[in-house]
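Quick one: sequence and predicted model below, then my questions.
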Amino acid sequence: MKIKNELFIKEYCNAYAIIGGQGIIHIYDNDKIFIEYTSKRKVGKNYYDVPSIASNEIYGGYVDEEVVYIGFCRGHWGHFMIDSTVRMWALLEEKCRNKKILINIEGMNDFYYKWFEYLGIDKEHIIELKENRQYKKILVPDISYKIGEYISDRFAAVFEYVAQNIHKDLPVYNKIYLSRSHFSQKNKLKQLGEKYIQNIFEKNGYKVLYPEELSFEEQLWYYNHCYSMVTTNGTIAHNVLFMRNNTELIILHRFYEESMHQPNIGMVKNIKVIDIDAFYKNSTHDKTLMILTDDLKGFLKSRNYHYTKDWNRLLKYLLFKVPFLYRIIDQY
């Protein structure tokens with residue numbers, strides 16, 4: 001991976017916006033040649049789909065207008081951050097101001113409408129295309145994050161811009177802990193031990209927050225106003241994108257993972273990242289036991305954080321190893 005400094009907004013006159021599978025909008029130039037990456041990234045992969053659309057299917061009613069291609073907006077918070085935003089840097093550029101945008105929203109519609117408002121785009125300027133069109137000009141911004149190849153600081157810029165423009169009458173917590181414990185219970189995930197760990201941080205001055213119980217504006221307010229944030233590994237740690245410079249992110253690993261995105265995000269954020277293993281062996285994404293590891297003990301001692309013995313440790317081991325008990329007891 002490398003940092004890419006130059007990104008461009010390419011202009012295609014008399015270009016086609018073509019509806020493909022899943023309602024995804026693909027862009028073809030005036031010669032009916034497909035414009036690279038105007039599709040969606042395959043989940044878990046570093047490549048984008050290439051549509052199989054015949055040249056005689058590339059047509060559409062003409063619209064005498066210049067529009068900006070943003071593309072596929074996924075209905076999932078993690079994929080929103082990683083995939084949906086890769087062209088949104090251009091919406092901060094003068095060339096794209098006051099222009100309508102072409103998008104395909106998969107879900108979380110109300111969230112996206114509000115998000116675009118913070119980028120200066122009201123609902124009247126959002127085109128959720130339902131049939132093929134040929135436009136006077138389509139502006140196609142380069143993607144700011146190409147997995148396995150490069151990432152640009154403009155990828156992070158759009159998150160910082162929105163977070164800095166949210167003003168809420170809410171308290172400021174210098175230290176916050178983002179908990180998955182309510183989310184895990186609601187979704188019946190097999191995860192144990194986080195409550196004990198989060199209680200340690202809470203007793204040492206961290207405010208425990210449950211992201212799924214907050215509006216996105218409330219989340220961004222808290223993330224952008226803290227100087228230390230603790231999360232577990234996975235999508236929840238990507239929220240570092242909303243943090244200010246010269247702050248810290250503490251990632252408690254609840255299972256072993258070679259993260260596809262977190263190190264890349266770290267390349268464009270001026271933030272101290274501390275990785276701590278906090279899981280029992282054999283923990284996985286779907287079956288996790290968080291424990292007070294030597295790694296975690298060392299961190300707590302280095303900060304002079306107080307902690308007490310986990311008196312329910314043996315019970316958690318039993319619940320972790322016996323699936324039937326795991327399913328019926330979830331208060332740990």
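On my side now, so go ahead. Numbers count the residues shown, from 1 in each chain.

Spell out the residue ranges of the helices in the stretch 101-250 of the chain.
109-118, 153-164, 181-186, 194-203, 216-225 (DSSP state H, counting those that start in this stretch).

so residue 140 makes contact with residue 25?
No. The pair residue 140 / residue 25 is not scored as a contact, 11.0 Å apart, by Cβ atoms under 8 Å. Just so you know, the C-beta spots here come from the backbone N, C-alpha and C atoms, and that holds for glycine as well.

Which residue ranges make up each domain of the protein?
The chain breaks down by automatic domain parsing into domains covering 2-164, 175-328.

Between those domains, which has the poorest mean confidence score?
Among these, domain 175-328 carries the lowest mean pLDDT, a mean of 90.

Show me how far that one is from its chain's centre.
Its chain's C-alpha centre and that of domain 175-328 lie 16 Å apart, by Cα atoms, centre = their mean, to the nearest Å.

OK, contacts around the spatially most central residue of the chain?
The C-alpha lying nearest the average C-alpha coordinate of the chain belongs to residue 81 (Cα atoms, centre = their mean; 2.8 Å). The neighbours of residue 81, taking Cβ atoms under 8 Å, 6 or more residues apart in numbering as the test, are 159, 235, 238, 239, 241.

residues in contact with the first one?
With contact set as Cβ under 8 Å, 6+ apart, residue 159 has these partners: 81, 85, 241, 242.

what do you get if the cut-off is 6 Å, keeping everything else the same?
Shown in contact with residue 159 (Cβ atoms under 6 Å, 6 or more residues apart in numbering): 241, 242.

how far away is it from residue 232?
To residue 232, residue 159 is 20 Å away according to Cβ to Cβ, to the nearest Å.

Could you do the last one as well?
To residue 232, residue 241 is 16 Å away according to Cβ to Cβ.

now do the third one
Using Cβ to Cβ, residue 238 is found at 12 Å from residue 232.

These two - which one has more neighbours?
Per other Cβ atoms under 10 Å, whichever of residue 238 and residue 232 has more neighbours is residue 232, with 24 against 19.

Please report the distance of that one from residue 114.
Distance of residue 232 to residue 114, computed by Cβ to Cβ: 27 Å.

swap in residue 256?
36 Å.

cool, and residue 267?
From residue 267 to residue 114 the distance is 29 Å (Cβ to Cβ).

for residue 62, what are its contacts?
Here residue 62 is in contact with residue 134 (criterion: Cβ under 6 Å, 6+ apart).

Could you do residue 227 as well?
With Cβ under 6 Å, 6+ apart, residue 227 has these contacts: 174, 247.

same thing with residue 70?
Per Cβ under 6 Å, 6+ apart, neighbours of residue 70: 87, 101, 103.

The helix or strand containing it pairs with which strands?
Using DSSP states H and E, residue 70 maps to strand 61-73. Neighbouring strands of strand 61-73 in its sheet, by DSSP bridges, are strand 100-105 (parallel), strand 133-141 (parallel).

So which of these is nearest residue 7?
Across the strands paired with strand 61-73, residue 7 has its closest neighbour in strand 133-141 (6.9 Å, Cβ to Cβ).

which outside residues touch the closest one?
Under Cβ under 6 Å, 6+ apart, the answer for strand 133-141 is 9-13, 15-17, 27, 35, 60-69, 87, 90.

any idea how far residue 265 is from the nearest residue to residue 118 once chain neighbours are set aside?
Excluding the flanking residues, the one nearest residue 118 by Cβ to Cβ, 6 or more residues apart in numbering is residue 162, at 4.6 Å. The gap separating residue 162 from residue 265 is 16 Å, by Cβ to Cβ.

Same check on residue 106?
Distance of residue 106 to residue 265, given as Cβ to Cβ: 22 Å.

neighbour-wise, which of those two wins?
residue 265 (24 against 19).

Confirm the more buried one sits in a helix?
Yes. Using DSSP: H, G, I helix; E, B strand; the rest coil, the assignment for residue 265 is a helix.

Not counting its neighbours along the chain, what's nearest residue 213?
The shortest distance from residue 213 to any non-neighbouring residue, by Cβ to Cβ, 6+ apart, is to residue 182 (6.6 Å).

Now do the one you found: how many residues are near it, please.
Residue 182: 13 neighbours (other Cβ under 10 Å).

Which residues does the residue nearest to residue 264 when sequence neighbours are not counted form beta bridges with?
Nearest residue to residue 264, sequence neighbours excluded (Cβ to Cβ, 6+ apart): residue 151, at 5.0 Å. With DSSP bridges as the criterion, residue 151 is bridged to residue 3, residue 145.
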